[in-house]
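Q: let's see this in three dimensions:
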Amino acid sequence: MVERLARAKSRQDVVAAMAVYHPDAVLESPPLGTRYVGPDVRSAVEGWFAFAPDYEVRVDGHGMDRGVLCCWGEISLTPAFTWAGVAPNGRRATVPVFMLFRFQDGRVSYESFNFDVAGVARQCGVEASALVRAR
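A: The predicted structure follows:
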């Protein structure tokens with residue numbers, strides 16, 4: 001299921017990604033300070049693809065304990081913009097990632113998406129704070 005989600009996200013396929021998420025799913029990214037629930041997950045996925053139109057994720061390994069699946073690997077993306085309005089340099093960034101998942105009714109009910117925001121910022125020539133959306 002997680003590999004199917006990774007493939008869908010690497011194709012920027014919102015419909016396929018949403019077929020993996022439970023309707024009441026929670027999607028959060030602590031490094032970005034974001035949390036989306038239920039129907040807002042779709043807009044979060046669409047927003048991520050607008051931000052990173054060439055996004056790719058590679059899952060290298062996983063482990064599970066007490067119903068929580070941890071996957072790790074690498075993401076690559078070229079930010080199209082920053083929330084602060086600072087133009088990125090157009091270079092593709094590649095950083096480590098780990099994701100935590102929980103499941104319900106055969107679908108992803110929770111995802112915590114964690115990556116090196118400072119590493120992306122450094123590679124794209126912007127401050128890390130420019131990549132974090134103020135709420």
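
Q: what segments of the protein are helices?
A: In the chain, the segments counted as helices under DSSP state H are 2-10, 14-20, 40-51, 117-124.

Q: quick one: list the elements packing against the longest one.
A: Just to be clear, that refers to helix 40-51. With contacts defined as 3 or more Cβ pairs under 8 Å, 6 or more residues apart in numbering; DSSP states H and E, the packing partners of helix 40-51 are helix 14-20, strand 21-29, strand 34-37. Quick note: C-beta positions are derived from backbone N, CA and C, even for glycine.

Q: sorry, back to before: just put the helices of the chain in JSON lines and tack on mean neighbour count.
A: JSON lines is the format used below for these (neighbours: other Cβ atoms under 10 Å):
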{"stretch": "helix 2-10", "mean neighbour count": "17"}
{"stretch": "helix 14-20", "mean neighbour count": "16"}
{"stretch": "helix 40-51", "mean neighbour count": "16"}
{"stretch": "helix 117-124", "mean neighbour count": "18"}
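
Q: how close does the spatially most central residue of the chain sit to residue 107?
A: Among the residues of the chain, residue 113 comes closest to the average C-alpha position under Cα atoms, centre = their mean, at 5.3 Å. Computed as Cβ to Cβ, to the nearest Å, the residue 113 to residue 107 distance reads 17 Å.

Q: can you check residue 65 too?
A: Between residue 65 and residue 107 the distance is 20 Å, computed by Cβ to Cβ.

Q: and if you look at residue 42?
A: Counting by Cβ to Cβ, the gap from residue 42 to residue 107 is 14 Å.

Q: now do residue 131
A: Distance check for residue 131 against residue 107: by Cβ to Cβ, it reads 29 Å.

Q: the more surrounded of those two?
A: Neighbours per residue (other Cβ atoms under 10 Å) separate residue 131 from residue 107, with residue 131 holding more: 23 against 16.

Q: surely the more buried one touches residue 81?
A: No. In this structure, residue 131 is not within contact of residue 81 by Cβ atoms under 8 Å, at 9.7 Å.

Q: good, we can wrap up now.
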